[in-house]
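1. Have a look at this fold, sequence not included:
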């Protein structure tokens, strides 16, 4: 099964506890702003790692190091996705967001289409619930990740 798309789990390290990179973008088909993970198609000639690094850079301006890859997950109708974990260490100069000039002002790459936010991993579910309450549409895979992370932190049995 060959994946044709990637979903990026970007763990951002800035000297504090690790955070997850979220993207917010207006989705006309939903008529609302969607909160999601960076994701995109694998271009011809790219492998999933290369695609994930490109998608991360194009959506946020961040550069990082691939730390984990999932097996391809079938989405149906002949499509498959691979989840790629990328570590972004903001203490390293090469990870800083490069800037473009738009109308003479510096703007991070991707800022024209996406708003980025980093959330502490332990606070992810709370933040997503807050955004949902405020009317944002939450990407199902992101919400599932947050619930799973929360589940792993709570002891339900002896």
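-> Received, thanks. Fair warning: this is a prediction, and the values are worked out from it, not measured in the lab. Residues are numbered from 1 along each chain as shown.

2. Quick one: list the elements packing against the strand or helix carrying residue 132.
-> Taking DSSP states H and E as the criterion, residue 132 maps to helix 124-133. For helix 124-133, the packing partners by 3 or more Cβ pairs under 8 Å, 6 or more residues apart in numbering; DSSP states H and E come out as strand 137-138, helix 140-153. C-beta here means a position set from N, CA and C on the backbone, and glycine is covered the same way.

3. Show me which residues of the last one are buried.
-> By neighbour count on 16 or more other Cβ atoms under 10 Å, the buried set for helix 140-153 is 141, 142, 143, 145, 146.

4. Contact partners for the fourth one?
-> Yep, that's residue 145 we're talking about. By Cβ atoms under 8 Å, 6 or more residues apart in numbering, the contact set of residue 145 is 9, 124.

5. Just say helix, strand or coil for the closest residue in space to residue 43 that isn't next to it in sequence.
-> Spatial nearest neighbour of residue 43, excluding adjacent residues (Cβ to Cβ, 6 or more residues apart in numbering): residue 51 at 6.5 Å. Secondary structure, DSSP: H, G, I helix; E, B strand; the rest coil: residue 51 is helix.
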